[in-house]
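>>> kindly return the folded structure for what I paste below:
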Amino acid sequence: MKTISTDRIVIIGAGLGALYAALKLAPRPVVMISPETLGEGASSAWAQGGVAAAMDASDSPDNHARDTVNAGAGTVDPLVADLVTREARDYILDLTTLGTPFDRTEDGGYVLSREAAHSFARVVRVKGDQAGAEIMAALIDQVRKTPSIQVLEGTMAVDLETDGDRVTGVAIQDASSARSKPVMLRGAAVLLAGGGSGGLFAVTTNPPRIRGQVIGMAARSGALISDAEFVQFHPTAMDVGEDPAPLATEALRGEGAVLINKDGERFMQALHPDAELAPRDVVARGIFAQNQMGNRPMLDTRAVLGEAIKDQFPAVAEACARNGIDPAIDPIPVAAAAHYHMGGIATDMQGRATLDGLWVCGEASSTGLHGANRLASNGLLEALVYARICAEDIAEAVADTMADPISIIFEMGGEAPAPTAVTTLRETMTSHVGVVRNATGLRKALCVIDRLEKAHGNSPSFLNMCATATLIAAGALAREESRGAHERDDFPEPKPGPGQRSQVYLSQALALRAQVSKDMT
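Numbering: from 1, shown residues only. The predicted structure is shown next:
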């Protein structure tokens, strides 16, 4: 394999965490590995709700931390919750300075929305449902202006090189469908900021490339993985046949939109005191149950927003329009969709993974903030906080030097994942590792993943997908209780006492998968 060495810090990913970390590392030289053009293909750009922060005078970081801990069903690290929420306001002010056009009140304050499981309106938004796209646009503009940051667009990471317990390089290849032979890029440090795993499921709100590759890459190299079984399913993805499914932001329910079934009946009132603003796992299960019964759940915005939805929530309105829905007249059909991975690569409070030389921020990480059920709009906040933490820690660990731009010429000859194998994997995950799980389905999923990996293991990207899928399914099989977003219909109650975070190496999950496959053949 061709090798390129550089003194630049290598950042895998091009979403919110990657961009913010690159800016905070400046003027230290950085190279970002971006599969798409900046601003395209990152989950951050698709985030509609906003950034959670205690900006109102009657609110406080303590309240925000308490809501975060409560939503996480006993598995949130309170020290991390305190750290992240205490600094949230500063990040809103910093993003404002960087050019993010947050919605403002007439007196200059910030427009705040209330979302599920928040005790206060504290979600700072942009143009209704444009927070992710607008924050990304502001950061991309700054990145383009920063000489120390080089962006390799159209490239993707597929493997980590290690020497013992230390990461020494990243194998990258052309991200086109033809792929290329990998090139080993050795830099001063590696920051993984490449997103979660939602695209491993057939019904998802995530961009097409977000399929657990970064988590799988680290796991295959020996990094410790935490809370892999905790996958959040967004309750209100639009059920219109698109892949990925468009998102009907939670802010709509914050404005008073209600969930009804095909008979016009509200069903969430019987399931939780907060009805439509119950924690996401509760709402997702309610919607899933209605779909299972053939009751066609729908989000009704007609009474509270009417025609105003088209101006206040343009992304939702556009998705409705291209699917022949007028939300001022028609309720929007919805389904629960894989949305956010609470688990991931285990990190400490400095953002360090268990492998030396490796830092992680954003959805690929498992910091302990989200527990078993992420509090709405804490995802972008966590990415910002840990991007800065990682940047500062890397700056202390790495010598400050100059570095020339990298020039790479890829040679054709790489292996892309087989489309049929990816489709089978995604359908298996939705069918057996979805909103409601049980031992029978999880064992079936592990057997299918095992068979797919053996048949299509010549693609490193597909190996990464299978590694993350294995970790999720094995973690779900091992956790014999229902907790937060992890619902087992064969173990419907949580275990007594405080919740426990799971920690596992891929080798352990693979051993479980092998045993299950042996038992079922």
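>>> tell me the spacing between residue 66 and residue 91.
19 Å (CB to CB, to the nearest Å). Any C-beta I mention is one placed from the backbone N, CA and C, and that applies to glycine too.
>>> so which of the two has more stuff around it?
Shown here are residue 66 and residue 91; by other CB atoms under 10 Å, residue 91 has more neighbours (21 against 16).
>>> let me see the contact set for the more buried one.
The contact partners of residue 91, by CB atoms under 8 Å, 6 or more residues apart in numbering, come to 51, 53, 381, 384, 385.
>>> repeat that for residue 242.
319, 323.
>>> after the strand or helix carrying residue 169 comes which helix or strand?
Using DSSP states H and E, residue 169 maps to strand 166-174. Next along the chain after strand 166-174, taking DSSP H and E as the criterion, comes strand 183-186.
>>> next, residue 291: phi, psi?
phi -60, psi -40 (degrees, to the nearest 10).
>>> I should have written residue 62 there, sorry.
The phi/psi pair for residue 62 (degrees, to the nearest 10) is phi -60, psi -40.
>>> for burial, what's the neighbour tally of it?
By other CB under 10 Å, 12 other residues sit near residue 62.
>>> how about residue 194?
31.
>>> which residues are in contact with it?
If a contact means CB under 8 Å, 6+ apart, then residue 194 has 12, 13, 15, 18, 157, 213, 214, 362, 364 as its contacts.
>>> out of the residues you listed, which are buried?
Those of these that meet the buried threshold are 12, 13, 15, 18, 157, 213, 214, 362, 364, by 16 or more other CB atoms under 10 Å.
>>> where do the strands sit along the stretch 301-450 of the chain?
For the stretch 301-450 of the chain, applying DSSP state E, counting those that start in this stretch gives strands covering 332-341, 344-346, 358-360, 365-366.
>>> out of these, which gets nearest to residue 174?
When those are compared for distance to residue 174 using CB to CB, the nearest one is strand 358-360, at 23.6 Å.
>>> what comes into contact with that closest one?
Residues outside strand 358-360 that contact it (CB under 8 Å, 6+ apart) are 160, 167, 189-193, 218, 223, 344-345, 347, 350-353, 386, 390, 393-394.
>>> same check, this time on stretch 514-521
Outside stretch 514-521, the residues within contact range by CB under 8 Å, 6+ apart are 443, 444, 446, 447, 450, 451, 477.
>>> 7 Å instead, please
Outside of stretch 514-521, the residues within contact range by CB atoms under 7 Å, 6 or more residues apart in numbering are 443, 446, 447, 450.
>>> okay, and which of those map to helices?
Within the contacts of stretch 514-521, residues falling in helices by DSSP state H are 443, 446, 447, 450.
>>> now those residues as CSV including distance to residue 481 and pLDDT?
Listed next are the ones in helices among the contacts of stretch 514-521 as CSV, based on distance: CB to CB, whole Å; pLDDT from 0 to 100:
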residue, distance to residue 481, pLDDT
443, 17, 98
446, 19, 98
447, 23, 98
450, 25, 98
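>>> in CSV, list those along with distance to residue 471 and neighbour count.
CSV is the format used below for the ones in helices among the contacts of stretch 514-521 (distance: CB to CB, whole Å; neighbours: other CB atoms under 10 Å):
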residue, distance to residue 471, neighbour count
443, 15, 19
446, 11, 28
447, 16, 20
450, 13, 20
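>>> and of those residues, the nearest to residue 174?
Lowest distance from residue 174 to the ones in helices among the contacts of stretch 514-521 (CB to CB) belongs to residue 450, with 29.3 Å.
>>> if I look at that closest one, how far off is residue 301?
44 Å.
>>> most neighbours among the contacts of residue 91, please name it.
Compared across the contacts of residue 91, residue 384 has the highest neighbour count, 31 neighbours, by other CB under 10 Å.
>>> surely it meets residue 20?
Yes: between residue 384 and residue 20 there is a contact at 5.6 Å, judged by CB atoms under 7 Å.
>>> please work out which helix or strand belonging to this protein has the smallest mean pLDDT.
helix 43-46 (a mean of 84; mean pLDDT, DSSP states H and E).
>>> for that one, name the packing helices and strands.
For helix 43-46, the contact count by 3 or more CB pairs under 7 Å, 6 or more residues apart in numbering; DSSP states H and E identifies helix 131-144 as packing neighbours.
>>> list the buried ones in whatever helix or strand comes next after the helix it packs on?
Using DSSP H and E, the next helix or strand after helix 131-144 towards the C-terminus is strand 149-153. Residues of strand 149-153 classed as buried by neighbour count (16+ other CB under 10 Å): 149, 150, 151, 152.
>>> export strand 149-153 as PDB, just CAs?
Extracted in PDB, the C-alpha atoms of strand 149-153 (Å, rounded to 0.1, in the frame of the first residue of the first chain):
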ATOM      1  CA  ILE A 149      -7.100  23.600   6.900                       C
ATOM      2  CA  GLN A 150      -6.900  21.300   3.800                       C
ATOM      3  CA  VAL A 151     -10.000  19.400   2.700                       C
ATOM      4  CA  LEU A 152      -9.700  16.300   0.700                       C
ATOM      5  CA  GLU A 153     -13.200  16.100  -0.800                       C
END
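>>> and the next helix or strand after that strand with strand 166-174, angle?
Beyond strand 149-153 in the direction of the C-terminus, DSSP H and E gives the next helix or strand as strand 155-163. Orientation check (axes from the mean of the first three to the mean of the last three CA atoms, to 10 degrees): strand 155-163 against strand 166-174 gives 150 degrees.
>>> next up, the contacts around the closest residue to residue 492 other than its chain neighbours.
Excluding its sequence neighbours, the residue lying closest to residue 492 (CB to CB, 6 or more residues apart in numbering) is residue 482, at 5.3 Å. Residue 482 makes contacts with 488, 491, 492, 493, 494, as judged by CB under 7 Å, 6+ apart.
>>> quick check: residue 482 vs residue 495, distance?
9 Å.
>>> equivalent analysis for residue 474, please.
Note on residue 474: its distance to residue 495, by CB to CB, is 18 Å.
>>> what does residue 118 give?
Taken as CB to CB, the span from residue 118 to residue 495 is 27 Å.
>>> of those two, who's got more company?
Set residue 118 next to residue 495 and count neighbours by other CB under 10 Å: residue 118 wins out with 26 against 14.
>>> helix, strand, or coil at the more buried one?
Here residue 118 takes the coil state, with states given by DSSP: H, G, I helix; E, B strand; the rest coil.
>>> residues of stretch 28-39 that come out buried?
28, 29, 30, 31, 32, 33, 34, 35, 36, 38, 39.
>>> can you put the residues you listed in JSON lines and add distance to residue 266?
Compiled in JSON lines, the buried residues of stretch 28-39 are given as follows (distance: CB to CB, whole Å):
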{"residue": "28", "distance to residue 266": "54"}
{"residue": "29", "distance to residue 266": "56"}
{"residue": "30", "distance to residue 266": "50"}
{"residue": "31", "distance to residue 266": "52"}
{"residue": "32", "distance to residue 266": "46"}
{"residue": "33", "distance to residue 266": "47"}
{"residue": "34", "distance to residue 266": "44"}
{"residue": "35", "distance to residue 266": "42"}
{"residue": "36", "distance to residue 266": "40"}
{"residue": "38", "distance to residue 266": "42"}
{"residue": "39", "distance to residue 266": "38"}
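>>> secondary structure class for the closest residue to residue 334 other than its chain neighbours?
Nearest residue to residue 334, sequence neighbours excluded (CB to CB, 6+ apart): residue 236, at 4.4 Å. Put simply, residue 236 is strand when judged by three-state DSSP.
>>> next up, the contacts around residue 236.
Taking CB under 7 Å, 6+ apart, one finds 248, 299, 334 in contact with residue 236.
>>> do the same with residue 339
Contacts of residue 339 by CB under 7 Å, 6+ apart are 198, 205, 232, 233, 234.
>>> if I look at it, how far off is residue 238?
The value you get for residue 339 to residue 238, if CB to CB is used, is 13 Å.
>>> then residue 359?
Residue 359 is 36 Å from residue 238, where distance means CB to CB.
>>> fine, thanks again, bye for now.
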